[in-house]
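**Student:** no sequence on this one, just coordinates:
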């Protein structure tokens with residue numbers, strides 16, 4: 001899992017894991033046993049149950065539930081499978097390939113594959129892309145929307161709140177010099 005995480009993300013996951021016993025008095029294994037007694041079957045309902053009945057916060061509950069009920073779907077542990085499942089459309093995949101080429105030479109680049117998007121980070125996430133219907137994609141950037149007339153403000157995108165602008169992309173050709181400049185500016189700010 002950790003080869004596709006920034007140092008900050010690695011530390012965060014480690015702190016959540018270490019904090020479970022320190023903050024709750026139970027080990028992860030003990031919490032997994034508790035979680036498996038949950039009468040709920042849906043992930044969100046299980047999370048609410050852990051909070052209401054055991055006082056767990058969102059991060060601890062999510063971590064425990066991931067251990068107690070491993071998903072059959074690809075996870076962060078398998079970024080190749082996540083990428084393949086997300087970018088199944090050939091036209092969207094071609095846009096992703098153009099974006100990957102545009103960021104490939106940026107130093108200290110960490111590519112993180114999530115279920116809903118592909119993220120690029122240095123110390124912090126500076127860009128993310130996700131496929132959209134019709135063989136297109138949308139790129140989120142850690143720059144202000146006024147950095148280019150092509151940029152729009154994001155709306156419920158589901159990626160980092162650091163990404164302040166989005167750019168719809170209809171083809172790999174739209175990943176042009178201006179997009180490379182925007183990606184570099186976002187990278188520099190991370």
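**Tutor:** Received, thanks. Since the model is a prediction, treat every value here as computed from it, not as a measurement.
**Student:** which residues does residue 108 contact?
**Tutor:** By CB atoms under 8 Å, 6 or more residues apart in numbering, the contact list for residue 108 reads 122-123. In this view, the C-beta of every residue, glycine as well, is placed from N, C-alpha and C.
**Student:** Just the pLDDT for residue 156.
**Tutor:** Per-residue pLDDT puts residue 156 at 83.
**Student:** That one: neighbour count?
**Tutor:** Residues lying near residue 156 (other CB atoms under 10 Å) number 4.
**Student:** Does it belong to a helix, a strand or coil?
**Tutor:** Three-state assignment for residue 156 (DSSP: H, G, I helix; E, B strand; the rest coil): coil.
**Student:** Okay, it and residue 116: tell me how far apart.
**Tutor:** 12 Å (CB to CB, to the nearest Å).
**Student:** residue ranges for the helices of this structure, please.
**Tutor:** 7-24, 28-35, 43-54, 58-68, 79-86, 90-103, 177-188 (DSSP state H).
**Student:** Among those helices, which comes closest to residue 169?
**Tutor:** helix 90-103 (5.1 Å; CB to CB).
**Student:** buried sites along that closest one?
**Tutor:** Judged by neighbour count using 16 or more other CB atoms under 10 Å, the buried positions of helix 90-103 are 92-96, 98-99, 102-103.
**Student:** Tabulate the helices of the chain (TSV), appending mean pLDDT and distance to residue 168.
**Tutor:** Output for those, formatted as TSV (pLDDT from 0 to 100; distance: least, CB to CB, whole Å):
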stretch	mean pLDDT	distance to residue 168
helix 7-24	77	27
helix 28-35	91	40
helix 43-54	91	30
helix 58-68	83	31
helix 79-86	89	17
helix 90-103	98	10
helix 177-188	97	12
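**Student:** so which of these comes closest to residue 170?
**Tutor:** Comparing the helices of the chain by CB to CB, helix 90-103 comes nearest, at 8.1 Å.
**Student:** Let me know the angle separating that closest one from helix 177-188.
**Tutor:** Per axes from the mean of the first three to the mean of the last three CA atoms, to 10 degrees, the angle that helix 90-103 makes with helix 177-188 is 60 degrees.
**Student:** Which elements pack onto the longest strand along the chain?
**Tutor:** In terms of residue count, the longest strand belonging to the chain (DSSP state E) is strand 125-132. For strand 125-132, the packing partners by 3 or more CB pairs under 8 Å, 6 or more residues apart in numbering; DSSP states H and E come out as helix 90-103, strand 118-121, strand 136-141, helix 177-188.
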